Each structure stands twice: as C-alpha cells, then as structure tokens.
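Engineer: need coordinates for the below:
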Amino acid sequence: MEIQILELRKLPKELKNDSDILNWMRFLGGKTRREFEAMAKKDEYIEEAYRELEKLSADEQAKLEYEAREKAIRDHNSQMNSALKRGMQRGMEKGIEEGMKKGKRSLIRTMLANGAAPDLIAKLTGLSLSEIKEAEKLPDSAS
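Structural biologist: As a prediction, the model looks like this:
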C-alpha cells in the first residue's frame with residue numbers, strides 16, 4: 001500500500017511532464033472551464049471526470065435556483081401575512097373607535113331623553129357642548 005500526497009498549489013505550471021498523476025493534479029487544480037476542457041481532450045478518464053463535474057455543477061445551479069425560488073416564496077408569504085395582520089389591527093382599532101362613538105351618541109340620547117341637561121352630560125362625559133349637540137343630531141349608524 002502506498003499513500004501519495006499531492007500538493008496542488010506547489011505544482012509548477014512550467015512542468016511539461018505528462019504523467020497521469022501530474023495530469024490529474026492539473027485537473028484537480030483547474031480554475032476555468034477552458035482549462036478543464038483542454039485537459040479533458042488529452043485523457044479519456046479526465047474527460048469522464050469533466051462530464052461528471054459538469055453534471056454536478058448543473059445540479060448545484062439547479063439547487064441554487066430552487067433555493068432562491070423557495071426563499072422568494074417564503075419572503076412573499078411573510079410580507080403578505082404581515083400586511084394582513086397590520087390591516088386587521090387597523091380594522092379592529094377603527095371598529096373599536098367607531099363602536100365607542102356610537103356608544104357615546106347612544107348614551108347622550110338616553111341622558112337627554114331622561115331630562116339630563118347638556119351641561120351635566122358634558123361634565124359627566126368630558127365632551128364639549130358642541131360634541132353633545134352633534135351627537136344628538138346624528139343617527140347611531142353615522143360616523
């Protein structure tokens with residue numbers, strides 16, 4: 001049994017020897033597609049390895065595209081859910097506010113119908129006299 005350690009960074013580019021080990025070292029240390037293609041033309045085994053490398057690269061690209069698409073979908077869903085929650089919150093606040101207004105108008109009408117003076121109603125509710133007169137005129141369904 002024999003163990004060989006190949007230090008790709010230490011392989012001199014000017015070395016012209018075309019031994020199998022040096023060819024594989026050049027292939028494994030390749031940086032550009034052009035380098036890989038040139039080496040694949042020289043050796044059938046390196047060509048086979050190059051084809052496998054292309055398949056793996058294509059699969060990696062497909063994987064990256066898939067992950068990017070999934071992230072975009074998750075981001076979109078998150079934004080839509082957030083917008084929906086904000087819209088619901090605003091709707092609830094507006095509904096509560098509208099309900100309070102209707103309740104005040106109803107209270108003012110009841111107090112007036114029972115003979116309470118507008119001054120007393122203003123004192124008890126903290127509303128101004130103009131607000132009391134306005135509430136008296138508006139039906140409950142008005143805002």
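Engineer: and I73, what does it touch?
Structural biologist: For I73, the contact set (C-beta atoms under 8 Å, 6 or more residues apart in numbering) is empty. Yep, even glycine has a C-beta here, placed from its N, CA and C like the rest.
Engineer: which helix or strand lies directly C-terminal to the helix or strand containing it?
Structural biologist: Per DSSP states H and E, I73 falls inside helix 44-113. Next helix or strand after helix 44-113 toward the C-terminus (DSSP H and E): helix 118-125.
Engineer: contact partners of that following helix?
Structural biologist: Contact with helix 118-125 is made by 104, 107-108, 111-112, 127-129, 132-133, as judged by C-beta under 8 Å, 6+ apart.
Engineer: next one: the helix holding I73 to chain centre, how far?
Structural biologist: Counting by C-alpha atoms, centre = their mean, to the nearest Å, helix 44-113 is centred 7 Å from the centre of its parent chain.
Engineer: for this structure, which spans come out with low pLDDT?
Structural biologist: Low-confidence segments of the chain (pLDDT under 70): 11-18, 138-143.
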